Each structure stands twice: as structure tokens, then as C-alpha cells.
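Asker: dropping a prediction and its sequence here:
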Amino acid sequence: MSEAVIIGAVAWHSRLIVRLALGLVVLALAVMAGVILGETPLPVSQVGDVLAHKLWGAASTVDPIDAGIIWNYRLPRTLVAAACGAGLALSGLVLQTLVRNALADPYLLGVSAGASTGAVAVTIMGIGAGAIGISAGAFAGAALAFGIVAALARAAGGGSGQLVLAGIAGSQLFNALTSFFIAKSANAEQARGIMFWLLGNLSGVRWPDVGLALPVAVVGLLACIIHIRALDAFSFGASAAASLGIAVRRVMVVLLGAVTLMTAVMVSLVGAVGFIGLVVPHAMRFLVGARHGALVPASALAGAVFMIAADVVSRVLIPGQVVPIGVVTALVGAPAFALILIRNRTRA
């Protein structure tokens with residue numbers, strides 16, 4: 001191996017390590033901001049004291065109530081927000097690459113709606129008689145929704161445009177089923193809580209939810225990283241990927257399974273939050289390019305930071321009231337959606 005090749009490889013790995021370290025610093029700062037900011041801002045020193053006490057057993061003079069707010073409420077809420085943002089952004093990126101449609105994301109393709117229906121069916125209808133958890137019900141609903149949408153798109157001609165149209169139809173179908181389940185079986189208090197959750201709600205998450213959301217987000221990220229070469233190949237179509245030696249069917253099963261899992265778990269925890277999977281990948285393509293070696297980690301990081309920022313805005317936008325986080329993401333996502341449509345029309 002020539003000296004130039006060795007130097008180039010060392011330089012590439014050095015840049016990768018620097019970018020990884022920078023990304024972790026940005027994520028840590030975002031998590032800290034999510035804990036500090038809220039209905040009542042907390043001093044940085046106070047947050048640091050609580051974290052040092054809980055993580056390393058250091059002495060702390062922080063008021064127990066403030067310590068409970070930091071450790072039992074804001075920190076798990078922020079970590080779940082980060083995991084959900086990363087998972088939904090990766091899901092959107094994978095779907096856009098596999099179906100080669102700039103408008104593909106779990107929300108528009110009906111996967112989020114199916115997950116919501118599955119979660120509500122388990123919670124309200126009692127399907128599974130307690131043997132099926134909410135996340136498992138959401139996964140079943142998401143898988144069913146994606147299967148129906150894919151079958152409808154294939155029957156309509158199989159193009160990526162037909163897939164998006166089928167996704168819109170699937171979303172309406174499963175949203176109607178969710179509303180039917182609520183109207184049929186939920187009392188007034190349950191209906192109010194579920195409708196607020198469906199718009200995106202992080203208020204009820206606690207540490208057990210962190211133990212579910214973070215591993216799923218990490219598994220999804222690893223699945224994408226392992227298949228980076230395949231994702232690059234799929235950017236030119238399934239036929240091109242097959243000609244490059246990619247096991248098309250196996251890769252699609254693995255990646256679509258990861259997308260379904262991430263979407264289902266995140267929806268079961270925080271509701272059907274839209275537009276993150278649509279907006280974040282496009283923003284990162286503009287910043288880091290279309291190569292998935294940079295695009296995958298950048299999308300995961302940006303999704304996590306965006307979701308944390310949206311959660312902070314949802315807590316401070318209206319004094320004394322928490323706005324559903326889906327409202328915040330839609331306020332950003334809807335204009336971005338319009339820009340994507342205009343940009344695609346200009347390219348065409």
C-alpha cells in the first residue's frame with residue numbers, strides 16, 4: 001500500500017472522529033438545553049449538581065422538588081425526544097431512498113397512522129387481552145398499514161407517485177379507524193387524553209420509556225450504517241443496486257423492518273408526530289450532500305436536535321400550557337413541504 005493511500009486513509013478516519021466528537025457535543029448541548037429550558041428555566045449549576053448526584057453520587061444541596069423535576073421529568077422527556085427525532089428522521093431518509101420519492105416519510109405513507117391505530121386498539125379496545133403491549137400493537141398496525149399502502153400502490157401501477165397517493169389514502173383510512181375506536185370504546189377522559197397524545201405529547205414519558213426508545217433508535221441507526229453502501233446504490237434504483245451486487249430483497253426487508261420498528265415505538269410513546277422524517281433528511285442533503293456515509297449520522301443528529309428544540313418550544317410557546325409537539329413540527333414542516341414541492345417542480 002502506497003504512502004499516499006495510507007495518509008489519505010488516516011486523514012479520512014481523523015475527519016470521521018472529529019465529526020463524531022462534534023456531533024456528540026452538539027447532542028449533549030441540546031439535551032442540556034432541553035433540561036434547562038421549560039415552563040420554569042433552571043440554572044445550569046443546579047442541573048449539573050443533580051446529574052452529578054444521580055450519576056456519580058456527589059453531594060447535592062438542590063431542593064428535592066427541583067431535583068425531581070430535572071431527573072424524573074425533564075431529562076427522560078428530553079432523551080425520549082432525541083430518540084424519537086433521530087428514529088423518525090432515519091425512517092424518512094430510508095423511505096425516500098428506497099422508493100426514490102422526495103415526499104416519502106412515515107407520516108405521509110400512512111405508517112404513523114397505522115401505528116396510532118394499533119396502539120389505540122390495544123389501549124382502548126383491549127385487543128390482545130393484555131398480552132400485547134402498546135408498542136407491539138403499534139408495530140402490528142404500522143406493518144399492516146405499510147402492507148396495505150404498498151399493495152394499493154402496486155395495483156395502481158407501482159410508481160413512487162402512486163405510493164405517496166396510496167399513503168395518503170392509507171392515512172385517512174387508519175385515522176378513521178382510530179377515531180372509530182375512540183368513539184366506540186373510550187370514555188370522555190380517555191378520549192381527551194388520546195386525542196392530545198395523537199397530536200404529539202411527551203408529558204407522560206418516564207425512564208422506562210427511555211429504556212425502550214433509545215435502544216430502538218440505536219438499532220435503527222446501526223441498521224442504516226451497516227447498509228450505507230446499499231442505500232447509496234438504491235439512490236439509483238433497485239435495478240442498479242442489484243447490478244452492483246446488493247441483495248435487494250434482503251436489504252429492503254431489513255431496512256423496512258427497521259423503519260416500521262422505529263416508527264411504531266416512537267408513535268406508541270409520543271404520538272404521530274409528522275414532518276420530521278420529511279424535513280430533516282432534505283435539510284441534511286443540502287448541508288452534507290447525498291452520500292449516505294455522512295447523510296445517515298447527520299440526519300439522526302439533526303432529527304434528535306430538532307425534536308428537542310420542538311419540545312422546548314411546545315413548553316414555552318404559551319405560558320402555563322403545553323402545546324402538542326406535533327403542532328410545532330407541523331408549523332415548520334408544512335412550509336418545508338411546500339418548498340420541496342416547488343423545488344421538485346423546478347427540477348422537473
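Answerer: That came through, no problem. Numbers count the residues shown, from 1 in each chain.
Asker: how many residues are close by the nearest residue to G204 once chain neighbours are set aside?
Answerer: Using C-beta to C-beta, 6 or more residues apart in numbering and skipping residues adjacent in sequence, the residue nearest G204 is W197, 7.9 Å away. For the C-beta atoms, the positions are set from N, CA and C on the backbone; glycine is no exception. Using other C-beta atoms under 10 Å, W197 has 24 other residues around it.
Asker: how about G193?
Answerer: Counted with other C-beta under 10 Å, G193 comes out at 14.
Asker: just the pLDDT at the residue nearest to G204, thanks.
Answerer: You'll see W197 listed with a pLDDT of 84.
Asker: ok, now which ones touch it?
Answerer: 204, 270-271 (C-beta atoms under 8 Å, 6 or more residues apart in numbering).
Asker: what of V99?
Answerer: 160, 163.
Asker: how about a cut-off of 10 Å?
Answerer: With contact taken as C-beta atoms under 10 Å, 6 or more residues apart in numbering, V99 is in contact with 109, 150, 153, 159-161, 163-164, 167, 234, 238, 256.
Asker: which ones among the contacts of W197 are found in strands?
Answerer: Of those, none are assigned to strands by DSSP state E.
Asker: assign V323 to helix, strand or coil.
Answerer: coil (DSSP: H, G, I helix; E, B strand; the rest coil).
Asker: would you check that it makes contact with V312?
Answerer: No: if you go by C-beta atoms under 10 Å, V323 and V312 don't touch, sitting 11.1 Å apart.
Asker: the stretch 101-250 of the chain: helices as residue ranges?
Answerer: 111-120, 134-155, 160-185, 188-198, 207-226, 228-234, 238-243, 248-270 (DSSP state H, counting those that start in this stretch).
Asker: G289: which of those is closest?
Answerer: Of all the helices of the stretch 101-250 of the chain, helix 228-234 sits nearest to G289, with 11.1 Å by C-beta to C-beta.
Asker: excluding chain neighbours, what is closest to A272?
Answerer: Counting by C-beta to C-beta, 6+ apart, the residue nearest A272 is S112, at 4.2 Å.
Asker: do the same with P43
Answerer: Here the residue nearest P43, using C-beta to C-beta, 6+ apart, is I36, at 7.8 Å.
Asker: can you tell me how far the one you found sits from I308?
Answerer: Remark: distance between I36 and I308 (C-beta to C-beta, to the nearest Å) = 11 Å.
Asker: more neighbours: those two, which one.
Answerer: Neighbour count, other C-beta under 10 Å: between I36 and I308, I308 has more, with 27 against 18.
Asker: give me the element the more buried one is part of.
Answerer: helix 292-316 (DSSP states H and E).
Asker: next, the angle helix 207-226 makes with that helix.
Answerer: 160 degrees (axes from the mean of the first three to the mean of the last three C-alpha atoms, to 10 degrees).
Asker: just checking, what packs against helix 292-316?
Answerer: When contacts are defined as 3 or more C-beta pairs under 10 Å, 6 or more residues apart in numbering; DSSP states H and E, helix 292-316 sits against helix 3-36, helix 75-99, helix 207-226, helix 228-234, helix 248-270, helix 276-288, helix 325-347.
Asker: need the contact list for A89.
Answerer: A89 sits next to 105, 217, 262, 276-281, 283-284, 296, 298-307 when contact means C-beta under 10 Å, 6+ apart.
Asker: what stretches of the protein score poorly on pLDDT?
Answerer: Within the chain, the segments meeting pLDDT under 70 span 1-13, 16, 127-132, 158, 344-348.
Asker: centre-most residue in it?
Answerer: L88 (1.9 Å; C-alpha atoms, centre = their mean).
Asker: state the distance from the residue nearest to it when sequence neighbours are not counted to R192.
Answerer: The spatially closest residue to L88, leaving aside those adjacent along the chain, is I276, at 4.3 Å (C-beta to C-beta, 6+ apart). In this view, I276 and R192 are 25 Å apart by C-beta to C-beta.
Asker: which of those two has more residues huddled nearby?
Answerer: I276 (33 against 12).
Asker: what's the neighbour count on N201?
Answerer: Neighbours of N201 (other C-beta under 10 Å): 22.
Asker: I meant to write D105 there.
Answerer: Residues near D105, counting by other C-beta under 10 Å: 33.
Asker: same thing with the one 4 residues further on?
Answerer: Counted with other C-beta under 10 Å, residues neighbouring L109 total 31.
Asker: before we move on, back to that, close enough to count as contact, the residue nearest to A272 and L95?
Answerer: No: judged on C-beta under 10 Å, S112 makes no contact with L95 at a distance of 11.5 Å.
Asker: need the residues touching each of those two.
Answerer: 105-106, 263, 277.
Asker: and those residues, which two are furthest apart?
Answerer: D105 and T263 (9.5 Å).
Asker: give me the common contacts of the two.
Answerer: 88, 91-92, 95, 111-112, 277.
Asker: tell me the contacts of A283?
Answerer: 89, 298-299, 302-303, 306, 336.
Asker: quick one: which of these is nearest to P208?
Answerer: When the contacts of A283 are compared against P208 (criterion: C-beta to C-beta), the nearest one is G303, at 22.3 Å.
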